[in-house]
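K.L.:
model the following, please.
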Amino acid sequence: MTLTANSTVTLSNDVKMPVIGLGTWQSSPAEVKNAVLAAVRAGYRLIDTASVYQNEEAIGEAIQELIAEGVVKREDLFITTKAWTHEIAPERLEGALRSALKKLQLTYVDLYLAHMPAAFNDDMSAQLNSPVEDVWRQFDAVYKAGLTRAVGVSNWNEAQIGRALATGLTPVHNSQVELHLYFPQHTHVDYCHAHKIVVTSYATLGSPGRVHFTLPTGQTLDWAPAPSELQDPHVLALAEKYKKTPAQVLLRYGLDRGLAIIPKSVHENRIKENFELFDFALTKEEIEKLESSKISQRLFLQDFMAGHPEDAFPTERK
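P.N.:
Predicted coordinates:
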């Protein structure tokens, strides 16, 4: 697949989305500002954040600095943010998005996602039975109000996406899901492509930093043991062949499957390295060899959804 640093994927409403962006999960406000400045100067045009990351204000500061310096115009950037579980609760979404826009110092975002399908109260102490159809009606409304150029979902299963589509409202433009070599998500990707939904991969490197995560409540999560994709022998062989790092091979694997990717880093050298993916490509045979391990392990089970009427992964829980 021939891609360049300026390559985009086209959403079903004709909005063009860069194929690679900077992920900002677990990036503190101090770290994220410098990361965004470095990323945009290195050529990134997509920045992915979320209200629950608690770094939208710092990202907004960085964006305004870059615009003021003439590095980019607002329309050159593609900004994604996400509504957390209490923000998708009934009649909460528009206020949540307006709050995010204020923090980001923007009049619109380019993509607004339902971070989870399951609605909760403010401190996540109570599940709210708000069907995904009702959640999607709110996304339809903020889209039609011009507050976002596109709308989508994150961590939703195919049936939930189908129910949103069945409302006949604005279609789902993007699905952002955990997707990496050891959890390749072929069924989800095929479903989305059949419905003209662009897929964004998160945890494309297997998310080695996930073990440091805490929920907004302060709760830490238990993570099942998982093999490191960066140590996969086929990945290492291709890294040697192409004179690339194992991380670059895994990121290119996502691109060569037609996905958008959002690798996270706060280190300038790594940010640049993650963007240096356009001078090589993996063949169909190499992708098949990479996937020959047949490992398929979801790392992010989002256990707080367990028992919720809109739990996205009930059949995967023990």
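K.L.:
near H195, how many other residues are there?
P.N.:
For H195, the count of nearby residues is 15 (other C-beta atoms under 10 Å). Where you see a C-beta, it was placed from the backbone N, CA and C, and this is true even at glycine.
K.L.:
which residues touch it?
P.N.:
I161, L165, P171, V172 (C-beta atoms under 8 Å, 6 or more residues apart in numbering).
K.L.:
try L93
P.N.:
So L93 contacts A83, E87, V135, Q138, F139, A141, V142 (C-beta under 8 Å, 6+ apart).
K.L.:
now the third one. Nearest residue, chain neighbours left out?
P.N.:
Taking C-beta to C-beta, 6 or more residues apart in numbering as the measure, V135 lies nearest to I88, with 4.8 Å between them; neighbours along the chain are not counted.
K.L.:
quick one: the one you found and V172, what's the gap?
P.N.:
Relative to V172, I88 is positioned 14 Å away (C-beta to C-beta, to the nearest Å).
K.L.:
quick revisit: can you put the contacts of L93 in JSON lines and add pLDDT, distance to V71 and secondary structure?
P.N.:
Shown next, in JSON lines, are those (pLDDT from 0 to 100; distance: C-beta to C-beta, whole Å; DSSP: H, G, I helix; E, B strand; the rest coil):
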{"residue": "A83", "pLDDT": "98", "distance to V71": "29", "secondary structure": "strand"}
{"residue": "E87", "pLDDT": "98", "distance to V71": "31", "secondary structure": "coil"}
{"residue": "V135", "pLDDT": "98", "distance to V71": "36", "secondary structure": "helix"}
{"residue": "Q138", "pLDDT": "98", "distance to V71": "34", "secondary structure": "helix"}
{"residue": "F139", "pLDDT": "99", "distance to V71": "31", "secondary structure": "helix"}
{"residue": "A141", "pLDDT": "98", "distance to V71": "34", "secondary structure": "helix"}
{"residue": "V142", "pLDDT": "98", "distance to V71": "29", "secondary structure": "helix"}
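K.L.:
could you single out the nearest of those residues to H115?
P.N.:
The shortest approach to H115 among the contacts of L93 belongs to A83, at 5.9 Å (C-beta to C-beta).
K.L.:
just checking, that closest one touches A96?
P.N.:
Yes - with contact defined as C-beta atoms under 8 Å, A83 and A96 form a contacting pair (5.2 Å).
K.L.:
the more surrounded of the two?
P.N.:
A83 (27 against 21).
K.L.:
beta partners of that one?
P.N.:
Going by DSSP bridges, A83 is paired in beta bridges with A114.
K.L.:
V109 and R98 touch, don't they?
P.N.:
No - using C-beta under 8 Å, V109 makes no contact with R98, being 10.9 Å away.
K.L.:
between the two, which one's more packed in?
P.N.:
Remark: of V109 and R98, V109 carries more neighbours, 25 against 13, as counted by other C-beta under 10 Å.
K.L.:
can you pull the contacts of that one?
P.N.:
V109 neighbours (C-beta under 8 Å, 6+ apart): I79, T80, T81, L97, A100, L101, L147, T148, R149.
K.L.:
where in the protein is pLDDT low?
P.N.:
Where the chain drops to pLDDT under 70, the residues are 1, 211, 215-216.
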